[in-house]
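Chemist: Let's see this in three dimensions:
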Amino acid sequence: MFALGMALLSSLALAEQHDRVAVVVGLDQPSPAIPALAGAEAQALGLSQALTDAAGYGRVFTLVGHAVTADAVIDVVKAGLDATSDRGSLLFVYAGRGAGGDYGEPAFLTHGATVEDPE
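Modeler: Okay, here's the model as predicted:
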């Protein structure tokens, strides 16, 4: 049992890391109360593909549509950080609606969010 535990710890410690990691999030419409931003999800998918195929990113995490919950965004950013080498960089891109900024605390609007309740 001890050897199995050590093997699991070793595999976690040796998780593959990259110099160039990206997190790309796209959400057309967080909720019916928010006007749609047509094409945000498609643009996020296209960008993810371009970063992988042409820009040399070793790992690209992509969230689109109903998968874009506040918890999922936090989790994927943590995964991106874990996948980034000590000398690497993490690119975060959000294509979607936001709230605040000009009149309050800025927030990305995730699935189910409204301007009144951005979380």
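
Chemist: So Asp28 sits against Ile34, correct?
Modeler: No - assessed by C-beta atoms under 8 Å, Asp28 is found out of contact with Ile34, at 9.7 Å. For glycine as for every other residue, the C-beta is placed from the backbone atoms N, C-alpha and C.

Chemist: of these two, who's got more company?
Modeler: Between Asp28 and Ile34, counted using other C-beta atoms under 10 Å, Asp28 has the larger neighbour count: 20 against 17.

Chemist: distance of the more buried one from Ala44?
Modeler: 10 Å (C-beta to C-beta, to the nearest Å).

Chemist: With Gly88 instead?
Modeler: Taken as C-beta to C-beta, the span from Gly88 to Ala44 is 21 Å.

Chemist: middle-most residue in this structure, spatially?
Modeler: By C-alpha atoms, centre = their mean, the chain has its centre lying nearest to Val23, at 4.0 Å.

Chemist: Relative to the whole chain's centre, how far out is the strand ranked longest in the chain?
Modeler: When the chain is parsed with DSSP state E, its longest strand is strand 84-95. With C-alpha atoms, centre = their mean, to the nearest Å as the basis, strand 84-95 stands 10 Å off its chain's centre.

Chemist: residue ranges for the strands of the chain, please.
Modeler: Using DSSP E, the strands of the chain run over 18-26, 59-64, 84-95, 98-99, 107-108.

Chemist: Pipe the ones you listed into JSON lines and attach mean pLDDT and distance to Thr114 per row.
Modeler: Below are these laid out as JSON lines (pLDDT from 0 to 100; distance: least, C-beta to C-beta, whole Å):
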{"stretch": "strand 18-26", "mean pLDDT": "96", "distance to Thr114": "18"}
{"stretch": "strand 59-64", "mean pLDDT": "97", "distance to Thr114": "19"}
{"stretch": "strand 84-95", "mean pLDDT": "95", "distance to Thr114": "17"}
{"stretch": "strand 98-99", "mean pLDDT": "86", "distance to Thr114": "8"}
{"stretch": "strand 107-108", "mean pLDDT": "86", "distance to Thr114": "11"}
